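Student: what would the 3D arrangement of this be:
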Amino acid sequence: MSEFSRIRSLVLVTFLVLVWGISWPIYKIALDYTPPVLFAGMRTFFGGALLALLLLPRRQHLRWKHNWHIYVISSLFNVIMFYGLQTVGLMLTPSGLFSVIVYLQPVLVGVLAWAWLKEQMTAVKVVGLIIGFLGVAVVSAGGFTGHIALLGIVLAILTAVGWAVGTVYVKKVSLHVDSMWLVSVQCLIGGAVLSAAGSFTENWSDIVWNIPYLTGLIFGITLGISLSWIVYFMLVNAGDASRVASYTFLVPVISVLSGTLILGESFTFNLLVGLMFIGVSIYLVNRKPKLAVARETAA
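Tutor: Down below sits the predicted model:
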């Protein structure tokens with residue numbers, strides 16, 4: 001890999017982790033003024049619509065007749081399961097516990113990528129993924145108090161499974177579909193389903209159209225949904241899916257840090273310890289065997 005490619009990947013990973021990390025406090029503020037499922041559906045649908053508008057000059061790459069099933073499957077796992085189950089599950093489970101279970105995703109991606117994509121799975125990578133998961137657990141330990149419903153645990157597990165399967169599936173079909181159109185259409189389909197579900201279970205009149213709500217909605221439409229998913233799939237398609245997924249362990253850390261800055265939440269010792277665990281995890285998962293390094297040097 002060239003130095004430019006490494007720098008480009010680092011910039012994209014940094015952007016993704018920062019956007020997904022700061023999205024949690026931004027959405028948390030907005031959710032005080034909107035029903036959750038409608039909020040998830042609207043920001044996802046309009047994010048997809050905005051991207052589709054920008055992609056109209058490249059509409060020949062949509063290839064709906066050939067790829068409609070890919071769009072539907074991707075929307076099921078990456079939008080409907082990920083956002084829909086997450087929204088309901090957070091109502092039943094403490095956020096710290098829920099996020100720990102959801103961030104089983106990088107571990108599941110590692111296993112699925114090894115089994116489905118034949119990516120290399122070394123003992124060091126396994127240890128790294130486990131350490132990263134433990135780091136997320138340490139960071140989120142403060143959120144383990146409160147009522148815990150069994151259904152909430154099940155929904156958290158299904159959220160992680162859906163996200164993992166969706167990630168590996170997109171990597172699998174990446175040669176058959178345009179990645180930007182995939183993001184757009186999966187958001188349109190998934191957003192429409194979530195908005196319809198919200199219309200049956202929630203009230204549109206409960207939305208308060210104020211600055212905090214609009215900030216969360218616009219942030220979600222532009223950065224939190226459309227652009228961040230494009231960057232995520234670009235990284236996954238360009239490299240090792242499990243390595244890319246390992247960086248998402250940093251999202252809860254950024255979320256807690258941004259919550260401290262934006263919402264005035266406390267900075268804890270757990271955050272520092274968890275960050276060290278996650279740093280070790282990312283190093284181990286992305287560490288190249290000495291033989292591979294020697295080959296690259298010789299080349």
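Student: what about the longest helix along the chain, distance to the chain center?
Tutor: The longest helix of the chain (DSSP state H) is helix 3-30. Relative to its parent chain, helix 3-30 has a centroid offset of 10 Å by CA atoms, centre = their mean, to the nearest Å.
Student: list the buried residues of it.
Tutor: 9, 12-13, 16-30 (16 or more other CB atoms under 10 Å). For glycine as for every other residue, the C-beta is placed from the backbone atoms N, C-alpha and C.
Student: averaged pLDDT, it. What do you get?
Tutor: Averaging pLDDT along helix 3-30 gives 83.
Student: next SSE after that helix?
Tutor: Using DSSP states H and E, the helix or strand that follows helix 3-30 towards the C-terminus is helix 36-55.
Student: which other helices and strands contact the helix or strand that that following helix is followed by?
Tutor: Where DSSP H and E defines the elements, the next helix or strand beyond helix 36-55 is helix 64-75. Judged by 3 or more CB pairs under 8 Å, 6 or more residues apart in numbering; DSSP states H and E, the packing partners of helix 64-75 are helix 150-173, helix 179-201.
Student: would you single out the least confident of those helices?
Tutor: Least confidently modelled of the helices and strands packed on helix 64-75 is helix 150-173, at a mean of 88 by mean pLDDT.
Student: rewinding a little: what's the angle between the longest helix of the chain and helix 36-55?
Tutor: 140 degrees (axes from the mean of the first three to the mean of the last three CA atoms, to 10 degrees).
Student: so where's this protein uncertain?
Tutor: 1-4, 94-97, 139-148, 240, 263-268, 271, 287-299 (pLDDT under 70).
Student: sorry, back to before: with distance to residue 85 and mean neighbour count as extra columns, can I get the helices and strands packed on helix 64-75 in TSV?
Tutor: As requested, the helices and strands packed on helix 64-75 are exported to TSV (distance: least, CB to CB, whole Å; neighbours: other CB atoms under 10 Å):
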stretch	distance to residue 85	mean neighbour count
helix 150-173	5	21
helix 179-201	11	21
